[in-house]
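Return atomic coordinates for the entry below.
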Amino acid sequence: MRIAHVINQFPPNITAGLGRYAELIAPHLSRRHEMAVLTVNDGRLPVWERTGGITVYRPRGRLLGLLVGAIARRRRLNRTRGVEFLLLALTVVVSNWRYFLLLRRLRPGRRPDLVAVHDSTNFLCGLLCHYLLRLPVVFHVHTTEYGVAPQRSIADPLNLFAALERWLARISRRVVVATPEVREQLLRAGWDRSPIDVVRLGGTYERVVADPAFDHGKLRLGALDLRARLGIAEGDRVLLFVGRIERQKGIYQLLEAMPRIRAAVPDLRLVIVGEGDEAGVARITAEAGLGDRVLTSGGWVSGQELREYYAMADACVFPSLFEPFGLVATEAMALARPVILGDGFSRIFLGDPAEPAVRFVRAADPGDIAGGVIEVMTDADLRRALASRGERLVRETLSWSRAAEETLAVYAKVLSGTAR
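Numbering: from 1, shown residues only. This next block holds a predicted model:
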């Protein structure tokens, strides 16, 4: 099977969960199949590359590519800012046109058997492959935050993104989502023209924690050093938030809940790891009189440093209003951190309702967030139970090899003519 993946992020360009997805599933997909990845160039990467048995094509535009590259060399583009999001969107659209030109130039016998389009921002390549190249398209929906989600991350008064999502879904042979909740959301929005398959993802740290060389002692020492660098006193408890600093992630409701949490747990420090509206966090923190009770990482964190943040935490809170999957939950759970999730997360993280693996809270209700955090932070037995159940749930049920096999089964149905 020859597969072409059209996706905005691919290693080493990883700035969000989509990049993690590409990094972790691609090796499994390419083991027995010929795979090409068509992806965005941040201005610093090679146009052509052969890595791990995968052919990677990153077109570099002239004027737009130079502009993006110039900014990227100074700092990462922040998609929570309107102008920078527009620049990123334009880069994606121009790149899509170049993907299509590349595929059109290939001899019919060398074209992919199937084009997998990841998210609606890659609509142009998907539509052109369907209408002009007559290639079967599979639409992977990693987020609906631009179109049909109740809580959107950008303003779209004309519902342009929703229209593009529906159009791409109509022409696709199949739609793939990561949770039953997203599938139900799409069905309620009228996405009934293509079969919608649920393929649960794996965990970000699946390979890391399974590696015999993984050193828990070194991680604990790194976490202690991180506490010292952040100025967190030895007796203080740490509540950790990881994610983009924007409304969809529930960060503002969490900050609104902090005065009540602080009153019940005076020694608690909230540590926010991510990028986005750092200025808003500073303003809200100052207005609420939280002082040094709230700390921020100052930007994107990854690799060993991110794991040290998790290891430092007494508990993690991700009060998202909407999450199509939520790899941050798998990260915290894999490292045996007790986790508090907003009800925007899938219930697949709950596990056995009689012995839940996480504590769910109503993400839109600061009072309920406060209640959940206080319950977890003041009950050591509950924290130990959540940590153990969460680690086991991720280890036993979320596998990238399984996700790849289920994805390839969807592709095989498309090529066998049983898609509809």
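
ok, longest helix in the protein?
helix 82-105 (DSSP state H).

Mind giving me the packing neighbours of that one?
Helix 82-105 sits against strand 2-6, strand 34-38, helix 63-74, helix 123-131, with contacts defined as 3 or more CB pairs under 8 Å, 6 or more residues apart in numbering; DSSP states H and E. In this view, the C-beta of every residue, glycine as well, is placed from N, C-alpha and C.

Just checking: what are the partner strands of the helix or strand just after it?
Sequence order places strand 114-118 as the next helix or strand after helix 82-105, per DSSP states H and E. Strand pairing for strand 114-118, determined by DSSP bridges: strand 2-6 (parallel), strand 137-140 (parallel).

With distance to Gly276 added, can I get the ones you listed in CSV?
Shown next, in CSV, are the strands paired with strand 114-118 (distance: least, CB to CB, whole Å):
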stretch, distance to Gly276
strand 2-6, 26
strand 137-140, 24
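
Which of those strands sits closest to Phe241?
Of all the strands paired with strand 114-118, strand 137-140 sits nearest to Phe241, with 27.1 Å by CB to CB.

Comparing the helices and strands packed on helix 82-105, which yields the minimum mean pLDDT?
Per-stretch mean pLDDT for the helices and strands packed on helix 82-105 is lowest at helix 63-74 (a mean of 50).

where do the helices sit along the stretch 251-400 of the chain?
According to DSSP state H, counting those that start in this stretch, the stretch 251-400 of the chain carries its helices in the segments 251-264, 278-287, 303-312, 327-334, 366-377, 380-397, 400-415.

from the ones you listed, which stretch is densest packed?
Greatest average neighbour count among these goes to helix 327-334 (a mean of 26), per mean count of other CB atoms under 10 Å.

Work out the gap between that helix and the centre of the chain.
Offset of helix 327-334 from its chain centre (CA atoms, centre = their mean, to the nearest Å): 11 Å.

what's the angle between it and helix 303-312?
Relative orientation of helix 327-334 versus helix 303-312 (axes from the mean of the first three to the mean of the last three CA atoms, to 10 degrees): 60 degrees.

tilt between helix 327-334 and helix 380-397?
Going by the same axes, to 10 degrees, helix 327-334 makes 110 degrees with helix 380-397.

So which elements touch helix 327-334?
So helix 327-334, by 3+ CB pairs under 8 Å, 6+ apart, packs with helix 17-29, helix 206-210, strand 237-242, helix 303-312, strand 315-318, strand 339-342, helix 380-397.

possible to save those as JSON lines with mean pLDDT?
Below are those laid out as JSON lines (pLDDT from 0 to 100):
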{"stretch": "helix 17-29", "mean pLDDT": "93"}
{"stretch": "helix 206-210", "mean pLDDT": "92"}
{"stretch": "strand 237-242", "mean pLDDT": "97"}
{"stretch": "helix 303-312", "mean pLDDT": "95"}
{"stretch": "strand 315-318", "mean pLDDT": "98"}
{"stretch": "strand 339-342", "mean pLDDT": "98"}
{"stretch": "helix 380-397", "mean pLDDT": "97"}
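
of the ones you listed, which approaches Arg174 most closely?
helix 17-29 (15.6 Å).

and that closest one with strand 2-6, angle?
170 degrees.

name the helices or strands packed onto helix 17-29?
strand 2-6, strand 34-38, helix 327-334, helix 400-415.

ok, 7 Å please
helix 400-415 (3 or more CB pairs under 7 Å, 6 or more residues apart in numbering; DSSP states H and E).

The helix it packs on to helix 17-29, inter-axis angle?
Using the same axes, to 10 degrees: helix 400-415 against helix 17-29 is 80 degrees.

how far is helix 400-415 from where the chain is centred?
20 Å.

Over to stretch 369-379?
Stretch 369-379 sits 26 Å away from the centroid of its parent chain (CA atoms, centre = their mean).

what mean pLDDT does it have?
On average, stretch 369-379 scores 98.

Need the residues that contact it.
237, 239, 253-254, 257, 260-261, 264-265, 268, 314-315, 317, 319, 338, 340, 359, 361, 382-383 (CB atoms under 7 Å, 6 or more residues apart in numbering).

How about stretch 202-214?
Applying CB under 7 Å, 6+ apart, the set of residues contacting stretch 202-214 from outside is Arg20, Leu24, Leu327, Thr330, Glu331, Ala334, Leu335, Val394, Leu398, Ser399, Trp400, Ala403.

contacting residues for Val301?
Residues in contact with Val301, defined by CB under 7 Å, 6+ apart, are Val273, Tyr309.

how does this protein divide into domains?
Annotated domains of the chain cover 2-202+399-415, 206-397 [automatic domain parsing].

hey, least reliable of these by pLDDT?
Minimum mean pLDDT among these: domain 2-202+399-415, a mean of 86.

and that domain, how far out from the chain's middle?
With CA atoms, centre = their mean, you get 13 Å for domain 2-202+399-415.

circling back: of the strands paired with strand 114-118, flag the one that's most buried.
Highest mean neighbour count among the strands paired with strand 114-118 (mean count of other CB under 10 Å): strand 137-140, with a mean of 25.

can you list the residues that contact that strand?
Residues outside strand 137-140 that contact it (CB under 7 Å, 6+ apart) are 114-118, 126, 129-130, 168-169, 171-176, 410-411, 414.

Repeat that for stretch 22-36.
So stretch 22-36 is contacted by 1-5, 7, 9-11, 14, 52-55, 57, 112, 202, 400-401, 403-404, 407-408 (CB under 7 Å, 6+ apart).

rewinding a little: and the angle from the longest helix of the chain to strand 114-118?
Going by the same axes, to 10 degrees, helix 82-105 makes 180 degrees with strand 114-118.

With distance to Ala228 added, can I get the contacts of stretch 202-214 in TSV?
Formatted as TSV, the contacts of stretch 202-214 follow (distance: CB to CB, whole Å):
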residue	distance to Ala228
Arg20	29
Leu24	32
Leu327	28
Thr330	28
Glu331	23
Ala334	25
Leu335	20
Val394	29
Leu398	33
Ser399	36
Trp400	35
Ala403	38
